[in-house]
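**Student:** Mind looking at a prediction? Sequence and model below.
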Amino acid sequence: MKLVKLSLLAVLAAFSVPVTAQQAEAMHGYLRDAWGRPVEGAEIKALGSGARVLTDTAGFYSLPVTSKDRRVRIKVKYTKPTRVKIKGVDLSGDVNMDLSLYDAYGRGFFTEKDGEHTYVLGSIDVSWEDIFKMRYPNHTIYDPETGRVFFRGNQGWCDYYELDGAPVADLNAVMPQLIRSITIIKFGTSNKYGGAGQNGAVILESRVQRNTPVQMSTINYSRLRGEEGLKKAVEFQGEGITYRDGYVWIDGKRCELYIINDMEVKNIASLHPEYIDDMMIVRSGVEKTYGEKARNGVVLINASRKK
């Protein structure tokens, strides 16, 4: 695999969704610099439709594109704009978009079908440790064991974490791939958040629609075993969620999309529950991100072999 040393590295991840000439779909991606740090406020523009967006605080973006778009332009402050083809895997400009299956940040590519774009499933692999190390190296320390953040200026561990307006125990309860923005507040949070906010606050906004119920687990998966353990792990996620014969049922409808470690699988029948690190079940509102297969929800799992 040939790699090129660059001043700016753009990694784009695309998702399987149908598109017509009149209908705009989204191209999702993550932008980082040559040191692997997220790039905030970069302009991503579709050269054709003229649609443009800015990368958020975590370096992510979702750009509406149509069949007329053949290139995107990436513009970062104080740098020369770079143009990148999005047709096939033909690349141009000063950006090396290596979208092979071994790429660390983005997987996927663009193909064409019947004159229209067909988006092939991609993924973004990023951890909380990466985010805080790259974005806030001089202000924070992240502990992956506890999911907590240490604020250097406060000389204390942050005890208040909020996702879409609701408190969460720590960052281990949240999948970083679903986060749209991160706000670090180091001082002046006691009045608003009470005693838990005396050492600052970490405020998160998700990429899921605000009215979508998101279930986050705190169950100890390492103690679960076999079919019954898997059933317990799934049904812990919330009311109306059940498990049967390898499939998850959400409010009486069978979920058709399962993603384990950023890879789509047919079902979770062969999953050992004791290997689950975290699980999130999103009931609805994610078709724009994951395509038509997510019409009945999506099951997102991070897992590793612990034995």
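**Tutor:** Everything's here; your move.
**Student:** Leaving out sequence neighbours, find the closest residue to Val197.
**Tutor:** Careful, residue 197 is Gly; it's not Val. Thr189 (3.7 Å; C-beta to C-beta, 6 or more residues apart in numbering). C-beta coordinates here come from the backbone N, C-alpha and C atoms, glycine included.
**Student:** That should have said Leu54, apologies.
**Tutor:** Closest residue to Leu54 apart from its sequence neighbours, by C-beta to C-beta, 6+ apart: Gly41 at 5.4 Å.
**Student:** try Ile250
**Tutor:** Per C-beta to C-beta, 6+ apart, closest to Ile250 is Gly297, 4.4 Å.
**Student:** Tell me who's in contact with that neighbour.
**Tutor:** Val248, Ile250, Lys253, Cys255, Leu257, Ile281, Val282, Arg283, Ser284, Val286 (C-beta atoms under 8 Å, 6 or more residues apart in numbering).
**Student:** Using neighbour counts, trim the residues you listed to the buried set.
**Tutor:** Taking 16 or more other C-beta atoms under 10 Å as the criterion, what is buried in the contacts of Gly297 is Val248, Ile250, Cys255, Leu257, Ile281, Val282, Arg283, Ser284, Val286.
**Student:** Compile the residues you listed into TSV and extend it with columns for secondary structure and distance to Ser127.
**Tutor:** TSV is the format used below for the buried ones among the contacts of Gly297 (DSSP: H, G, I helix; E, B strand; the rest coil; distance: C-beta to C-beta, whole Å):
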residue	secondary structure	distance to Ser127
Val248	strand	25
Ile250	strand	27
Cys255	coil	25
Leu257	coil	22
Ile281	strand	21
Val282	strand	20
Arg283	coil	25
Ser284	coil	27
Val286	coil	21
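**Student:** Where is pLDDT lowest across those?
**Tutor:** Least confident of those in the model: Val286, at 72.
**Student:** Hmm, that residue is touching Val298, no?
**Tutor:** Yes: applying C-beta atoms under 8 Å as the test, Val286 and Val298 come out as touching, 5.5 Å apart.
**Student:** which neighbours do these two share?
**Tutor:** By C-beta under 8 Å, 6+ apart, no residue touches both Val286 and Val298.
**Student:** Can you tell me what sits against stretch 227-235?
**Tutor:** Here stretch 227-235 has contacts from 217, 219, 221, 223-224, 241-243, 248, 268, 271-274, 276, 279, 281, using C-beta under 8 Å, 6+ apart.
**Student:** Assumed Ser222 was part of a helix.
**Tutor:** Yes: per DSSP: H, G, I helix; E, B strand; the rest coil, Ser222 lies within a helix segment.
**Student:** For it, which non-adjacent residue is closest in space?
**Tutor:** Ser222's closest residue in space is Glu274 (C-beta to C-beta, 6+ apart), at 5.3 Å.
**Student:** Let me know the pLDDT of that neighbour.
**Tutor:** pLDDT at Glu274 comes out at 88.
**Student:** And for it, the neighbour number?
**Tutor:** A count of nearby residues for Glu274, using other C-beta atoms under 10 Å, gives 19.
**Student:** Provide the secondary structure category for Tyr243.
**Tutor:** Strictly by three-state DSSP, Tyr243 counts as strand.
**Student:** That one and Lys231, how far apart?
**Tutor:** 4 Å (C-beta to C-beta, to the nearest Å).
**Student:** Who has more neighbours out of those two?
**Tutor:** Between Tyr243 and Lys231, counted using other C-beta under 10 Å, the more crowded position is Tyr243 (19 against 15).
**Student:** list the contacts for that one?
**Tutor:** Per C-beta under 8 Å, 6+ apart, neighbours of Tyr243: Leu230, Lys231, Val234, Glu235, Trp249.
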